[in-house]
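Trainee: structure for this input, please:
(one chain, ligands or ions: 2)
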Amino acid sequence: MDPAEAKNIIITNIKAIPTLPDRMHQVLTLLKDDNTSVKELAHFISSDQAMASRLLQAANSIRFGFSRKIATVDRATVILGVKAVTSLVLGISVFDNFRLTKNEITIDLDELWKHSMGCAIAAQIISDKLGGVDRKTVLTAAILHDIGKVIIDLFFSREYAKTLKTLRNNGLSMAKAEENVMGFNHADAGGWFCDELAFPSVLVSPISFHHNVDGVDKEHELITSIVHIADNLCKRAQIGDGGDDNKNHAINLHAQRLLNLNKDDLEKITGELKKEENVN
Ligand SMILES: [Fe+2]
Ligand SMILES: [Fe+2]
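Mentor: Ligands and ions are numbered 1, 2, ... in the order given. This next block holds a predicted model:
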């Protein structure tokens, strides 16, 4: 399929989903409004228990050195900030609402969510080691990095089933199998989707380029490298399942150098990751 055609299908379908729940429209309105307050946002999230608990899980994965768990949505919203929370809530809506909409089971969304949370933790371990990185943005980008898989699963489910078969038979990476079958991959799809919803470029770039760090612009190279390596380490640590069980994907060397991580560092982070309790 021509990627431009696929992009068009995704964008047209997002707008045309008749069942796109009110909640998601509300999230989009909040996301686009620069004046959304912490109080408004916390009130909105608290009205949905499932969403509130996922957000708390995300907030509690953050490593700010708090000794106590973050127990309320208000507190989570203050800590993460309006922009990160709104993007996260939208991501959570995509996971939860699209789960209800899709009729063919191709990827396991619960496992994908675990993989996303694991990636968020790995990304923060890397960021802490590096210093000077905006943790909220890293956390959000890592949680949403594979959102394109959910989008493809929804809009191209027949092609996705074929992709997963190719993946299993040939031991390819998910992105490669997608490219072979569909002509584009989930990073492309996630990027198109988030761009259409006016996500900031600091989120769109790592989502679009986490499997192609060499293709990203200089401005977003660092955050994209963090998400790329975190994704790989999460697979090595076997946290969740992003639909892709090949644990030996090559880490981009340029990304590894940029983050100043040697082989031992990578092993150490993978070990730390395995120990994290709050992933599962
Ligand atoms: Fe991915
Ligand atoms: Fe991933």
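Trainee: CA atoms for contacts and neighbours, from now on please.
Mentor: Noted.
Trainee: what number of neighbouring residues does the nearest residue to residue 155 once chain neighbours are set aside come out with?
Mentor: Leaving aside its chain neighbours, residue 155 sits nearest to residue 10 (6.9 Å; criterion: CA to CA, 6 or more residues apart in numbering). Neighbour count for residue 10, taken as other CA atoms under 10 Å: 21.
Trainee: same question for residue 147.
Mentor: Around residue 147 there are 26 residues (other CA under 10 Å).
Trainee: quick one: low-confidence parts of this structure?
Mentor: In the predicted model of the chain, residues 15-25, 28, 31-32, 34, 62-68, 97-105, 245-249, 277-280 satisfy pLDDT under 70.
Trainee: my guess is the residue nearest to residue 155 contacts residue 193, does it?
Mentor: Yes: the criterion here is CA atoms under 8 Å, and residue 10 meets it with residue 193 at 7.1 Å.
Trainee: between those two, which contacts overlap?
Mentor: residue 151 (CA atoms under 8 Å, 6 or more residues apart in numbering).
Trainee: spell out the secondary structure type for residue 70.
Mentor: Under DSSP: H, G, I helix; E, B strand; the rest coil, the three-state class of residue 70 is coil.
Trainee: setting the sequence-adjacent residues aside, check what's closest to residue 108.
Mentor: Going by CA to CA, 6+ apart, residue 108 has residue 243 as its nearest residue, at 7.4 Å.
Trainee: and residue 186, how far from residue 9?
Mentor: Separation of residue 186 from residue 9 (CA to CA, to the nearest Å): 14 Å.
Trainee: show me which of those two is the more surrounded one.
Mentor: residue 186 (25 against 13).
Trainee: isn't residue 58 right up against residue 118?
Mentor: No: with contact defined as CA under 8 Å, residue 58 does not reach residue 118; the gap is 10.1 Å.
Trainee: same drill for those two, tell me which one is more crowded.
Mentor: Shown here are residue 58 and residue 118; by other CA under 10 Å, residue 118 has more neighbours (31 against 24).
Trainee: residues in contact with the more buried one?
Mentor: Neighbouring residues of residue 118 by CA under 8 Å, 6+ apart: 234, 239-240, 273, 279.
Trainee: specify which member of these is nearest to residue 164.
Mentor: residue 240 (16.8 Å; CA to CA).
Trainee: how about that closest one, secondary structure?
Mentor: From three-state DSSP, the assignment for residue 240 is coil.
Trainee: quick check: the gap between it and residue 191.
Mentor: For residue 240, the distance to residue 191 - CA to CA - is 22 Å.
Trainee: find the nearest non-adjacent residue to residue 7, please.
Mentor: residue 192 (6.4 Å).
Trainee: what about the one you found, how many residues nearby?
Mentor: 21.
Trainee: one step back: look up how far residue 115 lies from the residue nearest to residue 155.
Mentor: 24 Å.
Trainee: for residue 1, same thing?
Mentor: Distance from residue 1 to residue 115, by CA to CA: 28 Å.
Trainee: swap in residue 222?
Mentor: Going from residue 222 to residue 115 by CA to CA gives 21 Å.
Trainee: with neighbour numbers in mind, choose between these two.
Mentor: residue 115 (26 against 20).
Trainee: what's the closest non-adjacent residue to the residue most central in space within the chain?
Mentor: Here the mean C-alpha position of the chain is nearest to the C-alpha of residue 144 (CA atoms, centre = their mean), at a distance of 1.9 Å. With sequence-adjacent residues excluded and distances taken as CA to CA, 6+ apart, residue 144 is closest to residue 91, at 6.2 Å.
Trainee: and the helix or strand encompassing the one you found, what's buried?
Mentor: Using DSSP states H and E, residue 91 sits in helix 82-101. Of all the residues in helix 82-101, those buried under the rule 16 or more other CA atoms under 10 Å are 82-95, 97-99.
Trainee: now stretch 134-147
Mentor: 135-147.
Trainee: so which of those residues are in helices?
Mentor: Judged by DSSP state H, the subset of the buried residues of stretch 134-147 located in helices is 135-144, 147.
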